[in-house]
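Peer 1: From the sequence below, what's the structure:
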Amino acid sequence: MNNSDSNEQKRSGGVHYLTVKADQAGQRLDNFLHTYLKSAPRSLVYRLLRTGQVRVNGGRAKPTYRVKANDQLRIPPYAGAQGSVERKVPAAVLERVREAIVYEDKRQLVVNKPAGLVVHAGSGLGFGLVDALKALRPNRSVQLAHRLDRGTSGLVLATLDAEALRQQQQAFQRGQVGKYYMALLHGRLPEDKVLVDAPLLRSHDTGAEESVVVDYEQGKASRTQFKVLERLKGYTLAEVKLETGRTHQIRAHAAHLGLPLAGDERYCEDALLAKDYERGLKRMFLHAHRLDLQWPEEDILVSAPLTDDLHQFIENIA
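Peer 2: Residues are numbered from 1 along each chain as shown. Sure thing, here's the model as predicted:
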């Protein structure tokens with residue numbers, strides 16, 4: 001089958017059949033499906049894969065499978081598939097996201113995501129950051145190359161065409177993108193620089209929202225560098241560099257050190273949280289403040305200072 005401007009599709013009883021194009025090859029299957037299903041929550045994508053409802057060349061495939069040109073995919077009926085109505089994003093949110101775009105070129109843009117805004121819609125939320133960016137750039141193929149937790153503010157990279165998405169996702173997987181955060185830890189980091197090399201495992205034992213724990217037998221390799229920026233009364237302000245990109249990696253590694261992030265409701269003890277709230281912190285103190293991007297034409301460094309609320313909290317405890 002040839003590769004046209006759009007995936008060749010057939011539909012039967014609501015089931016979609018499509019062919020992977022050459023410029024889409026190399027993407028992880030879960031990322032490919034998330035793009036095709038137009039901001040479907042990742043929990044749904046993984047459920048479709050886990051239950052075998054998505055088929056690749058007639059058989060099951062893992063989320064980590066990398067699609068190849070001319071792969072044949074079967075996708076079950078889902079309201080978010082291509083051709084469905086776009087998610088409606090309030091005008092105030094669109095304007096806020098528009099103002100938060102801090103870098104843009106012909107193939108990508110970087111947005112300074114506000115805390116509280118999810119990157120992908122789901123779990124009862126009608127829209128996410130990617131929906132706002134698609135509305136702002138309606139003639140481009142906007143996709144996120146990585147993600148941040150809802151409660152984390154800071155820099156997120158979005159690509160504007162399929163080839164840019166493939167290249168940047170590969171760059172993230174190879175550790176070629178520098179990802180730096182500013183985090184406030186409870187307690188004192190023992191040295192000025194600390195490398196945590198501890199494998200992480202997702203756990204669903206604590207309820208609907210998953211937790212991540214250190215597990216040296218079943219966990220995936222995870223490396224996080226913590227560097228002291230300022231020592232404060234009862235806290236350490238640190239710059240954090242991710243060498244891998246696991247779910248909740250900074251939060252789980254900080255908790256593993258016995259120094260959970262200020263305001264982190266999942267990994268912080270109630271007594272410490274109460275102290276944070278009393279001092280005026282209203283959310284988790286984690287901000288993605290710098291991205292170092294490699295591109296064939298040039299290297300790009302994008303930075304974003306601490307948000308006003310986090311800066312004010314530092315002033316309150318200094």
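
Peer 1: ends of stretch 137-148, how far apart?
Peer 2: 21 Å (Cα to Cα, to the nearest Å).

Peer 1: Quick check: buried residues in that stretch?
Peer 2: 140, 142, 143, 144, 145, 146, 147, 148 (16 or more other Cβ atoms under 10 Å). Where you see a C-beta, it was placed from the backbone N, CA and C, and this is true even at glycine.

Peer 1: Closest one of these to residue 18?
Peer 2: For the buried residues of stretch 137-148, the minimum distance to residue 18 (Cβ to Cβ) is 16.7 Å, reached by residue 143.

Peer 1: from what I can see the closest one touches residue 166, true?
Peer 2: No. Contact criterion Cβ atoms under 8 Å: residue 143 and residue 166 do not qualify, at 10.0 Å.

Peer 1: Under the pLDDT cut-off, which ranges of the stretch 101-250 of the chain? List them.
Peer 2: Applying pLDDT under 70 to the stretch 101-250 of the chain flags residues 122-125, 204-210.

Peer 1: As a check, name the ranges of all strands in it.
Peer 2: Taking DSSP state E, counting those that start in this stretch, the strands of the stretch 101-250 of the chain run over residues 101-104, 108-113, 143-144, 153-159, 178-186, 193-197, 200-203, 211-214, 223-232, 235-242.

Peer 1: TSV please, covering those and showing distance to residue 127.
Peer 2: Formatted as TSV, these follow (distance: least, Cβ to Cβ, whole Å):
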stretch	distance to residue 127
strand 101-104	17
strand 108-113	13
strand 143-144	14
strand 153-159	15
strand 178-186	25
strand 193-197	35
strand 200-203	26
strand 211-214	26
strand 223-232	31
strand 235-242	27
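
Peer 1: Which one, of these, ends up nearest to residue 31?
Peer 2: Set against residue 31 and scored by Cβ to Cβ, the strands of the stretch 101-250 of the chain come closest in strand 143-144, at 8.2 Å.

Peer 1: tell me the domain boundaries of the chain?
Peer 2: Split into domains by automatic domain parsing, the chain comes to 9-75, 91-160, 178-317.

Peer 1: Select, out of those, the one closest to residue 171.
Peer 2: Closest among the domains of the chain, once you apply Cβ to Cβ, is domain 178-317, at 6.1 Å.

Peer 1: Tell me how far the closest one lies from the chain's centre.
Peer 2: Distance of domain 178-317 from the chain centroid (Cα atoms, centre = their mean, to the nearest Å) equals 14 Å.

Peer 1: can you check stretch 114-124 too?
Peer 2: Distance of stretch 114-124 from the chain centroid (Cα atoms, centre = their mean) equals 11 Å.

Peer 1: List the buried residues in it.
Peer 2: By neighbour count on 16+ other Cβ under 10 Å, the buried set for stretch 114-124 is 115, 117, 118, 119, 120, 121, 122.
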